[in-house]
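# okay, predicted coordinates and the sequence, questions at the end:
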Amino acid sequence: MTVRVHRTGALVRLTYDGEVFSLSLPGGYDWTEFAYHDADREGALSDLLGFLDAYADPGTHEVVVRRKFRRDRSELRVANGAVLRTRGWSTGPTT
């Protein structure tokens, strides 16, 4: 399913295959939730929809992190406290 974010007009893709729920954001940023049991699917979908709401929040912004002796890295700082990276380890929401 593809969703257009009202504030930015960006297209966000939400996919699932029964166990893996994935949110693909513009710029190559992704967030994935897992639901191995039937009872967990509703919670995983709810978490992704909450993540989508946080992405649409005006507090979400992209920054370039300067790193000594390595290439600069782009990060997406989501309003829910998550920090997403296109390569490397992303950190989840604080809320």
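Structure received. Numbering: from 1, shown residues only.
# which residues does residue 4 contact?
When contacts are counted by C-beta atoms under 8 Å, 6 or more residues apart in numbering, residue 4 touches 10-12. C-betas here are computed from N, CA, C, even on glycine.
# most neighbours out of those, which is it?
Neighbour counts for the contacts of residue 4, by other C-beta atoms under 10 Å, peak at residue 12, which reaches 19 neighbours.
# how about the contacts of residue 4 in CSV, adding pLDDT, secondary structure and distance to residue 91?
Below are those laid out as CSV (pLDDT from 0 to 100; DSSP: H, G, I helix; E, B strand; the rest coil; distance: C-beta to C-beta, whole Å):
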residue, pLDDT, secondary structure, distance to residue 91
10, 85, coil, 21
11, 91, strand, 24
12, 92, strand, 20
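# what residues does the strand or helix carrying residue 22 touch?
Element membership of residue 22, judged by DSSP states H and E, is strand 20-25. With C-beta under 8 Å, 6+ apart as the test, strand 20-25 has contacts from 10, 12-16, 30-35, 41, 44-45, 48, 51-52, 55, 76, 84.
# among these, which ones are buried?
Applying 16 or more other C-beta atoms under 10 Å to the contacts of strand 20-25, the neighbour count classes 12, 14, 16, 31, 33, 35, 41, 44, 48, 51-52, 55, 76, 84 as buried.
# show me where the chain has helices.
Using DSSP state H, the helices of the chain run over 38-56.
# shaky segments in it?
95 (pLDDT under 70).
# kindly state the beta-bridge partners for the spatially most central residue of it.
Nearest to the mean C-alpha position of the chain, counting by C-alpha atoms, centre = their mean, stands residue 31 at 4.1 Å. Here residue 31 sits in beta bridges with residue 23, going by DSSP bridges.
# could I have stretch 21-32 exported to PDB, CA atoms only?
The C-alpha trace of stretch 21-32 is given here as PDB (Å, rounded to 0.1, in the frame of the first residue of the first chain):
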ATOM      1  CA  PHE A  21       5.700  -5.300   8.300                       C
ATOM      2  CA  SER A  22       7.800  -2.700   6.600                       C
ATOM      3  CA  LEU A  23       7.600   1.100   6.100                       C
ATOM      4  CA  SER A  24       9.700   2.500   3.300                       C
ATOM      5  CA  LEU A  25      10.200   6.300   3.500                       C
ATOM      6  CA  PRO A  26      11.600   8.700   0.900                       C
ATOM      7  CA  GLY A  27      15.400   9.000   0.900                       C
ATOM      8  CA  GLY A  28      16.000   5.200   1.400                       C
ATOM      9  CA  TYR A  29      15.000   5.100   5.000                       C
ATOM     10  CA  ASP A  30      13.100   2.000   6.300                       C
ATOM     11  CA  TRP A  31      11.500   0.800   9.500                       C
ATOM     12  CA  THR A  32      10.500  -2.900  10.100                       C
END
